[in-house]
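1. sequence first, predicted coordinates after that:
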Amino acid sequence: QVQLVESGGGLVQPGESLRLSCVASGGSFVMFTANWYRQVPGKQRELVAGITRGGTTNYADSAKGRFTISRDNAKNTVYLQMNSLKPEDTGIYYCNSAIGRSVFSSGTAYWGQGTQVTVAS
């Protein structure tokens, strides 16, 4: 069974940085597009950043210029480098990825359990 596990969250002050990691495990598989989402209480989960297997990225306007998404396909890992953090970046960050058994298969969406990021002085 494929699993996504996030790590790297925590409590930081405004202006500081965090690096989130998302590792996929569970047999032989291919990670296709991967995304980071943020959820805060009372609001819908929102897309923060996404990256294709080939490395093409996209960002929410709130993340542009401060966050960088990257991946290491050999390690089945996706990262989110978050710089110049603001209180409004606070939330639970979830990793999401389409995963298939081969590059020729269609992907099934998987979600991690989330990691809490709190930005406060």
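-> Structure received.
2. distance of L20 from T108?
-> Relative to T108, L20 is positioned 22 Å away (criterion: CB to CB, to the nearest Å). Where C-beta positions appear, they are placed from N, C-alpha and C, glycine not excepted.
3. who has more neighbours, these two?
-> When neighbours are counted by other CB atoms under 10 Å, L20 comes out ahead of the other of L20 and T108, with 24 against 13.
4. quick check, the more buried one in a helix?
-> No: when classified by DSSP: H, G, I helix; E, B strand; the rest coil, L20 is found to be strand rather than part of a helix.
5. residue closest to the middle of the protein?
-> The C-alpha lying nearest the average C-alpha coordinate of the chain belongs to W36 (CA atoms, centre = their mean; 2.9 Å).
6. that residue contacts L20, doesn't it?
-> Yes: at 6.9 Å, W36 and L20 qualify as touching, with contact defined as CB atoms under 8 Å.
7. shared neighbours of these two, which are they?
-> 80, 93, 95 (CB atoms under 8 Å, 6 or more residues apart in numbering).
8. returning to what we had before: what helix or strand is the residue nearest to the centre of the chain on?
-> Secondary-structure element containing W36, defined by DSSP states H and E: strand 30-39.
9. how about the helix or strand following that strand: buried residues?
-> Following strand 30-39 in sequence order, the next helix or strand is strand 46-51 (DSSP H and E). Applying a neighbour-count criterion of 16 or more other CB atoms under 10 Å, the buried positions in strand 46-51 are 48-51.
10. identify the residues contacting strand 46-51?
-> So strand 46-51 is contacted by 33-39, 57-60, 62-63, 67-71, 78, 80, 93 (CB under 8 Å, 6+ apart).
11. name only those of the residues you listed that count as buried.
-> Those of the contacts of strand 46-51 that meet the buried threshold are 33-38, 59, 63, 67-69, 71, 78, 80, 93, by 16+ other CB under 10 Å.
12. which of the residues you listed sit farthest apart?
-> Across the buried ones among the contacts of strand 46-51, the two members that end up farthest from each other (CB to CB) are R38 and R71, 18.3 Å apart.
13. V23 and G65: what is the separation?
-> Distance of V23 to G65, given as CB to CB: 27 Å.
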